[in-house]
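[1] Could you work out the structure for the sequence below:
(chains A and B)
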Number of protein chains: 2
Amino acid sequence: MSVIYARVALIGLGLIAGSMAHAMRRAGLAGEIVGTARSAETRKIAGEIGLCDRVVDTTAEAVRDADLVVLAVPVGIMGAVAAEIAPHLAPGATLTDVGSVKQDVIAQVGPHLTDGIHFIPGHPLAGTEHSGPRSGFAELFDNRYVLLTPPEGTDPSATAKLRALWEGCGANVEEMDPDHHDLVLAVTSHTPHLIAYTMVGVADDLRRVTDSEVIKYSAAGFRDFTRIAASDPTMWRDVFLSNKEATLEILGRFTEELFALQRAIRTGDGDHLHAYFTRTRAIRRGNIEAGQDTDAPDFGRIGQRKDGPAE
Amino acid sequence: MSVIYARVALIGLGLIAGSMAHAMRRAGLAGEIVGTARSAETRKIAGEIGLCDRVVDTTAEAVRDADLVVLAVPVGIMGAVAAEIAPHLAPGATLTDVGSVKQDVIAQVGPHLTDGIHFIPGHPLAGTEHSGPRSGFAELFDNRYVLLTPPEGTDPSATAKLRALWEGCGANVEEMDPDHHDLVLAVTSHTPHLIAYTMVGVADDLRRVTDSEVIKYSAAGFRDFTRIAASDPTMWRDVFLSNKEATLEILGRFTEELFALQRAIRTGDGDHLHAYFTRTRAIRRGNIEAGQDTDAPDFGRIGQRKDGPAE
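    All right, here's what the predicted structure looks like:
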């Protein structure tokens, strides 16, 4: 594959930006990769492991002459970072982000930008519970989806280039409206994360069940929850605060359904429970058929992390 | 390893019994393995794949002269099966089960047994979302826990033999009281399963988000939920109905905590969310240290299913 952007600036050097750096290098998609991060420690580690071609100290320096700038910071500070870099963006540059919420990011970032900048919000549906500059790996996006939410009137050639970059990183790219994106993600990601956090918190609180028992005897169900609940706290705080409306709506539906099942347990309505559990079983089958998971016991994760060790 | 029981009878031939058959053979723990199942189709498949040394049509035939009888049927029918086999059990035989709930199984099975039978309830904390006679594999119990809840006055040598069998199957064995077992499992397994079922059901219901989107765009969080929610409906219906009290208690705590987090989202209390998510992150670390999970992306499942294909 050939170079798509002569210079890519990564603002933030966590799991997603780090994986983008590895994936862009794997396919030779960027002439130069410049990176920066707010934390001096993160910049130091990134420099030591050669995560980017250059690690610089300021966002202004990072975005200078870049034709693609990627905001890979927590959703809560997207606006502040956009304000900081806006005066330094090269005319005609493309600005994108990797935030898990789109309407709020657009509201935060949009007002700071001048007409010459192509702002194309994005969201790669990929991740692990690890974070930090050592957590990235080239295969993270392979066969995963990246959702782009370009505003009306966006230059189609700018969108096409960004799409080509993500495809070069191994992803399938689709476009949708930001509000629809936020609802879909509230269902498939945000609410499940909140629920996992809650369940793990309940287990931790229960004094009659000692911590060591909860950990020792956690079979499949709870083990998956602890993994989900180990995700980056800052990122997830920001997700819930910025996708408030959709998350609260889905939570409302969730508690409604949960109460119905709870009532079935209390009243001994086995038929209700059995019918419900039979219906949900079919969804897993659909997931496997869509290629987002496998029937194998490793859930398609084997070999996804050939690069860095865990944090 | 040498033979521990001259004849083992497996009542029910699903994931757990099938895996026991494979594991007992791997280590040469049983002189003969006799199996039966209620469904003629299951018996036919078990016979075809040679799951047991003999597959027989009735429970009476299966338990004849067996020195270990394993009830591996849904919790809801343990009592009925116990009533059926009780007259045919050999004097001095050990009877155990693999049900996910212990107090209810004891209440169902106990009354049918005569004094000469050693009844030692058990629960292997291992499983996959697959079920049926083809789903078992020898490695399922390796480094997993098996909890035994022998009643007071149980012959220690009978317990020691059953412990040796499970250890020979690769498991770590611990003993605890049945009521404590049921509470611990409500936290680490039963409630998480109910929650996963609910979330998957909500996603399925949401008309503005099409089924294909839910499936296509499900990243880590929801994907794990669909796997959990794909577990056997009959088994799980029975678990919730028979561990009603503990499950309802943990569900009450869960909704209380969830409402507190929901309120934090609604009021924009980011500090509350961040503190909560930071606390839950530590539990994952404990899980890895306990050896019940690994830090690797396959979660320790690689190589667990060398035998049969999925159902």
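[2] Quick one: residues contacting residue A:237.
    A:74, A:76, B:270, B:273-274, B:277 (C-beta atoms under 8 Å, 6 or more residues apart in numbering or on different chains). For glycine as for every other residue, the C-beta is placed from the backbone atoms N, C-alpha and C.
[3] what's the answer for residue A:248, then?
    Going by C-beta under 8 Å, 6+ apart, residue A:248 touches B:262, B:265-266.
[4] before we move on, the earlier item: compare the contacts of residue A:237 and tell me which is most surrounded.
    Taking other C-beta atoms under 10 Å in any protein chain shown as the neighbour criterion, residue B:277 ranks highest of these with 25 neighbours.
[5] Excluding residues flanking it in the chain, which one is nearest it?
    Closest residue to residue B:277 apart from its sequence neighbours, by C-beta to C-beta, 6 or more residues apart in numbering or on different chains: residue A:233 at 3.6 Å.
[6] surely that neighbour meets residue B:278?
    Yes: with contacts defined as C-beta atoms under 8 Å, residue A:233 counts as touching residue B:278 at a distance of 4.7 Å.
[7] what about those two, which has more around it?
    A count of neighbours by other C-beta under 10 Å puts residue A:233 above the other of residue A:233 and residue B:278, at 21 against 13.
[8] gap between the residue nearest to residue B:277 and residue B:280?
    Applying C-beta to C-beta, to the nearest Å, the value for residue A:233 to residue B:280 is 8 Å.
[9] and the closest residue to residue A:136 other than its chain neighbours, how many neighbours?
    Across the structure, with C-beta to C-beta, 6+ apart as the measure, the residue nearest residue A:136 apart from its sequence neighbours is residue A:18 (2.4 Å). Residues within reach of residue A:18, counting by other C-beta under 10 Å, total 32.
[10] host element of residue A:18?
    In this assignment (DSSP states H and E), residue A:18 forms part of helix A:15-27.
[11] what's the answer for residue A:197, then?
    Mapping residue A:197 onto the secondary structure by DSSP H and E places it in helix A:191-205.
[12] That helix vs helix B:191-205, what angle?
    Put simply, helix A:191-205 runs at 170 degrees to helix B:191-205, going by axes from the mean of the first three to the mean of the last three C-alpha atoms, to 10 degrees.
[13] So for helix A:191-205, what gets flagged as buried?
    Applying a neighbour-count criterion of 16 or more other C-beta atoms under 10 Å in any protein chain shown, the buried positions in helix A:191-205 are A:191-204.
[14] can you count the residues close to residue A:224?
    Taking other C-beta under 10 Å as the neighbour definition, residue A:224 ends up with a count of 24.
[15] Spell out the secondary structure type for it.
    Following DSSP: H, G, I helix; E, B strand; the rest coil, residue A:224 is assigned to helix.
[16] got the contact list for it?
    A:196, B:192, B:224-225, B:227-228.
[17] can you check residue A:273 too?
    Taking C-beta under 8 Å, 6+ apart as the criterion, residue A:273 is in contact with A:261, A:264-265, B:233, B:236-237, B:240-241.
[18] Could you tell me which of these are located in helices?
    The helices, defined by DSSP state H, take in A:261, A:264-265, B:233, B:236-237, B:240-241 from the contacts of residue A:273.
[19] biggest separation within those, which pair?
    By the measure C-beta to C-beta, A:265 and B:233 form the most distant pair in these, at 14.3 Å.
[20] For the nearest residue to residue A:97 once chain neighbours are set aside, list each beta-bridge partner.
    What sits nearest to residue A:97 in space, not counting adjacent residues and going by C-beta to C-beta, 6+ apart, is residue A:71, at 3.9 Å. Beta bridges link residue A:71 to residue A:11, residue A:97 when assigned by DSSP bridges.
[21] name the element residue A:250 belongs to?
    Residue A:250 belongs to helix A:244-267 when assigned by DSSP H and E.
[22] average model confidence for the helix or strand that that helix is followed by?
    Once helix A:244-267 ends, the next helix or strand along the chain (criterion: DSSP H and E) is helix A:270-289. Mean pLDDT, taken over the full extent of helix A:270-289, equals 81.
[23] again with stretch A:200-216
    Along stretch A:200-216, the predicted confidence averages to a pLDDT of 78.
[24] same deal with stretch A:249-258?
    Taken as a whole, stretch A:249-258 carries a mean pLDDT of 94.
[25] For that stretch, give me every contacting residue.
    In this structure, residues lying in contact with stretch A:249-258 by C-beta under 8 Å, 6+ apart are A:183, A:186-187, A:190-191, A:194-195, B:194-195, B:198-199, B:201-202, B:205-206, B:251, B:255, B:258, B:262, B:265.
[26] What's the separation between the single nearest residue of the stretch 1-150 of chain A relative to chain B and residue A:174?
    Relative to chain B, the nearest point of the stretch 1-150 of chain A is residue A:125 (4.4 Å; C-beta to the nearest C-beta). According to C-beta to C-beta, residue A:125 stands 10 Å off from residue A:174.
[27] For the two, list the residues in contact with both.
    Overlap of the contact sets of residue A:125 and residue A:174 (by C-beta under 8 Å, 6+ apart) consists of A:145-147.
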